[in-house]
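>>> Pasting the sequence and the predicted coordinates here, then a few questions.
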Amino acid sequence: MTPVSTAASERDRVIIFDTTMRDGEQSPGASMSLEEKLELAKILEDMRVDVIEAGFPIASNGDFEAVRQISEIVTESVVCGLARAGVQDIERCAEAIRKAKRGRIHTFLSTSPSHRDHILRASQDDILEMITGSVTHARNLCGDVEWSAQDATRTEQDFLRRCVEAAIRAGATTINIPDTVGYTYPSEYAEVFRDLIENVPGADTVIFSTHCHNDLGLAVANSLSGVQAGARQVECAINGIGERAGNAALEEIVMALKVRGDRLPYHTGIETQHITRASRYVSAITGFPVQFNKAIVGKNAFAHESGIHQDGMLKDRGTYEIMQPEDVGQGASNLVMGKHAGRAGFREKLKELGYELGQNALNEAFQRFKDLADKKKHVFDDDIVALVDDALASQADKIQVKHLRVIAGTEGPQEAFLTVTIEGAEKSANATGDGPVDAVFNAIHEVYPHAATLRLFQVHAVTEGTDAQAQVSVRLEEDGRIATGQAADTDTLTASAKAYVNALNNLVARKEKTAPARMVSGF
Ligand code: KIV
Ligand code: ZN
């Protein structure tokens, strides 16, 4: 084998830029609380993501706070905030990343005729001037500046060249060429990069980046094509979440590069065994389920159903498997341990599943595990993931479900008797409803009156069997603020009550911390 020199290997390294918390959060309904973002930042850093785009600081106080606090806790990854071309945006972003060990300002401006004419009402010369002004200002505040040409793939190529040249001259260190509307095609996207890299003065001094939306289902293919043409940063999101049809899925990009090194001789620094955990966490906090047949992280991604496939697999895994579930942290949903398991073994299992908990969180999770093991015959890895995520999600909640009893069945009305604690003080109520879930949610309204509207109620079984835990996601909305809650329990109604209460806690916390809704139009 020919030895690869460090320089060559550095040249072939692809920077993974995660935008789950920024573009991903722009998916309608996918908002995340501050605590969830902090936890996600830790998961992304454990996974060795190179750049974490933590939010759009001028968009809301919540986004600002998320970028600021993530900048304080992340030590290895670059923490990046998004800013439009205006001075206020850039300064707010600089302020948010001020404490980051390695911070980045990501500033963008639309360049396409459609956006120039209909949104910005600006000429090409105006755009060039704004690029120079915004990037220069950002560079004066931060040494690491990324500039994006919004709607680049629908921009005249000669004008795009001039824009990129202006951004490089003004000091941009990364140039991002977004396919904002998911319109491009792999060979076409590659041509855009080749042309820019060959023809723009100074192109060899910057990193080119892809940012692809999935409107035609081509986001991953387009991103990889950009890499083949010389891009060395890929912007992507866990589970492919993002505006409209989403962004390129991080897990698909990373695994395509890893598995097809023969055709794609590039590498990333991602520790791929953290992928499944990240995917599950993002799914739980956003309430967006991962489709069963989703590449890499879907429940069926490594399942072999037909007899012919199973026979082949038993003889040699390579017959039908191009990568192994363990590579992406998908255990075979192993039976883990019974109720006699000790704390040390439980801690080891958590480590294996990618969790490092502090003493209090560990004690709480261990107690929940013991309770679960009392109720459920077999406790699987997926059960443990659900219960730990549940414990982490609710640990700061001021309102907690204490007791719940529900009368259900064919003779209505169904009735729920509920006791909660609100900052330690008990409060009880009972309510009827059109079905047991409705009765439970009405009882929550009685103990904690609120004006939020239920936007999502979703239940899925964590494992198989009638004693499986139900994992419930609830999304609430009030005054444009959206909050998601989650909980798991072998009793579906208890899980529903806890998920609703968790969402309510997140909504209350959000109201205390933020001004209403996002108010940025995006340009
Ligand atoms: O899709 C897009 O153009 C964006 C930019 C803000 C980078 O998300
Ligand atoms: Zn985007």
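Looks like it arrived, so ask away. Ligands and ions are numbered 1, 2, ... in the order given.
>>> burial of the residue nearest to T319 when sequence neighbours are not counted, as a residue count?
Nearest-residue entry for T319: G312, 3.5 Å, with adjacent residues in sequence omitted and distances by C-beta to C-beta, 6 or more residues apart in numbering. Bear in mind the C-beta positions are built from the backbone N, C-alpha and C, glycine included. Residues near G312, counting by other C-beta atoms under 10 Å, number 16.
>>> Specify the residue ranges that define each domain of the protein.
Following automatic domain parsing, one finds the domains of the chain at 15-286, 302-330, 331-393, 395-513.
>>> hang on, I16 is in a helix, isn't it?
No: counting by DSSP: H, G, I helix; E, B strand; the rest coil, I16 is not part of a helix but strand.
>>> So what's the residue count around it?
Applying other C-beta under 10 Å, we find 24 residues neighbouring I16.
>>> Correct me if wrong: it contacts L250.
Yes: between I16 and L250 a contact is recorded at 6.7 Å, counting by C-beta atoms under 8 Å.
>>> list the residues that contact both of those two?
Residues touching both I16 and L250 (C-beta atoms under 8 Å, 6 or more residues apart in numbering): 49, 236.
>>> from the domains of the chain, which stretch is densest packed?
Most buried of these by mean neighbour count (mean count of other C-beta atoms under 10 Å) is domain 15-286; its value is a mean of 21.
>>> Contact residues of the stretch 1-150 of the chain facing ligand 1?
23, 108, 148, 150 (C-beta under 6 Å from any ligand atom).
>>> Just the pLDDT at the second one, thanks.
With respect to pLDDT, F108 scores 98.
>>> what does the first one give?
Among the per-residue scores, D23 shows a pLDDT of 97.
>>> Quick check: the gap between the closest residue to it other than its chain neighbours and I15.
In this structure, D23 finds its nearest non-sequential neighbour in G242, 4.3 Å apart by C-beta to C-beta, 6+ apart. Distance from G242 to I15, counting by C-beta to C-beta, to the nearest Å: 18 Å.
>>> quick revisit: turn the domains of the chain into TSV, including distance to N293.
Output for those, formatted as TSV (distance: least, C-beta to C-beta, whole Å):
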stretch	distance to N293
domain 15-286	13
domain 302-330	9
domain 331-393	17
domain 395-513	15
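>>> least reliable of these going by mean pLDDT?
Lowest mean pLDDT within those: domain 331-393, at a mean of 80.
>>> so how far is it off the chain centroid?
Chain-centre distance of domain 331-393: 23 Å, with C-alpha atoms, centre = their mean, to the nearest Å.
>>> where along this structure do the strands fall?
In the chain, strands defined by DSSP state E lie at 15-18, 51-55, 78-83, 103-110, 145-150, 174-179, 207-212, 233-236, 399-407, 414-422, 425-433, 453-461, 470-478, 481-489, listed in chain order.
>>> Pick out the residue in the stretch 351-500 of the chain sitting closest to ligand 1.
Nearest residue of the stretch 351-500 of the chain to ligand 1, counting by C-beta to the nearest ligand atom: I482, 19.5 Å away.
>>> Is that residue bridged to anything, and to what?
E477 (DSSP bridges).
>>> Could you pull up the residues touching it?
29, 31, 455, 475-476.
>>> Could you pull up the residues touching A497?
By C-beta under 8 Å, 6+ apart, the contact set of A497 is 401, 404, 416, 418, 440, 443-444, 487.
>>> nearest to R161, of these?
Distance to R161, by C-beta to C-beta, is smallest for A487 among the contacts of A497, at 52.7 Å.
>>> partners of that closest one in the sheet?
Beta bridges link A487 to V472, judged by DSSP bridges.
>>> Next one: it from Q469, what distance?
Distance from A487 to Q469, by C-beta to C-beta: 10 Å.
>>> Need the residues touching each of the two.
Common neighbours of A487 and Q469 are listed as A495 (criterion: C-beta under 8 Å, 6+ apart).
>>> what does the protein put close to ligand 1?
Within reach of ligand 1 by C-beta under 6 Å from any ligand atom, the chain has these residues: 23, 108, 148, 150, 176, 178, 180, 211, 213.
>>> Which of the residues you listed sits closest to V74?
Each of the residues of the chain next to ligand 1 was checked against V74 using C-beta to C-beta; the closest is D23, at 18.5 Å.
>>> which pair in the residues of the chain next to ligand 1 spans the largest distance?
For these, the farthest-apart pair by C-beta to C-beta is F108 and H213; their separation is 14.0 Å.
>>> In the protein, where's the longest helix?
helix 492-513 (DSSP state H).
>>> Now do stretch 443-454: distance from first to last residue.
One end of stretch 443-454 to the other measures 14 Å (C-alpha to C-alpha, to the nearest Å).
>>> Using the centroid of the protein, identify the residue furthest from it.
E411 (43.0 Å; C-alpha atoms, centre = their mean).
>>> All the helices of the stretch 251-400 of the chain, residue numbers only.
275-286, 307-315, 343-352, 359-375, 381-394 (DSSP state H, counting those that start in this stretch).
>>> ok, now which ones touch the closest residue to R68 other than its chain neighbours?
Among residues not flanking R68 along the chain, A96 sits closest, at 4.8 Å (C-beta to C-beta, 6+ apart). For A96, the contact set (C-beta under 8 Å, 6+ apart) comprises 55, 57, 64, 67-68, 71, 81.
>>> Let's see that with 7 Å instead.
Taking C-beta atoms under 7 Å, 6 or more residues apart in numbering, we find A96 in contact with 57, 64, 67-68, 71, 81.
>>> what separates it from ligand 1, distance-wise?
Per C-beta to the nearest ligand atom, to the nearest Å, A96 is found 16 Å from ligand 1.
>>> Against Q69, how distant is that residue?
The gap separating A96 from Q69 is 9 Å, by C-beta to C-beta.
>>> Surely D327 and T272 touch.
Yes: using C-beta atoms under 7 Å, D327 is in contact with T272, at 5.5 Å.
>>> I'd like the distance between S112 and ligand 1.
When C-beta to the nearest ligand atom is the yardstick, S112 and ligand 1 sit 10 Å from each other.
>>> Contact partners for the residue lying closest to that residue once chain neighbours are set aside?
Distances taken as C-beta to C-beta, 6+ apart put D151 closest to S112, at 3.8 Å, once the chain neighbours are dropped. Shown in contact with D151 (C-beta under 7 Å, 6+ apart): 110-112, 114-115, 180-181.
>>> so can I have JSON lines of the contacts of A96 showing distance to Y189?
Putting the contacts of A96 into JSON lines (distance: C-beta to C-beta, whole Å) gives the following:
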{"residue": "P57", "distance to Y189": "29"}
{"residue": "F64", "distance to Y189": "33"}
{"residue": "V67", "distance to Y189": "29"}
{"residue": "R68", "distance to Y189": "34"}
{"residue": "S71", "distance to Y189": "32"}
{"residue": "G81", "distance to Y189": "26"}
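>>> I'd say S31 and E25 touch.
Yes: using C-beta under 7 Å, S31 makes contact with E25 at a distance of 6.0 Å.
>>> close enough to count as contact, R232 and D204?
No: counting by C-beta under 7 Å, R232 does not reach D204; the two are 11.7 Å apart.
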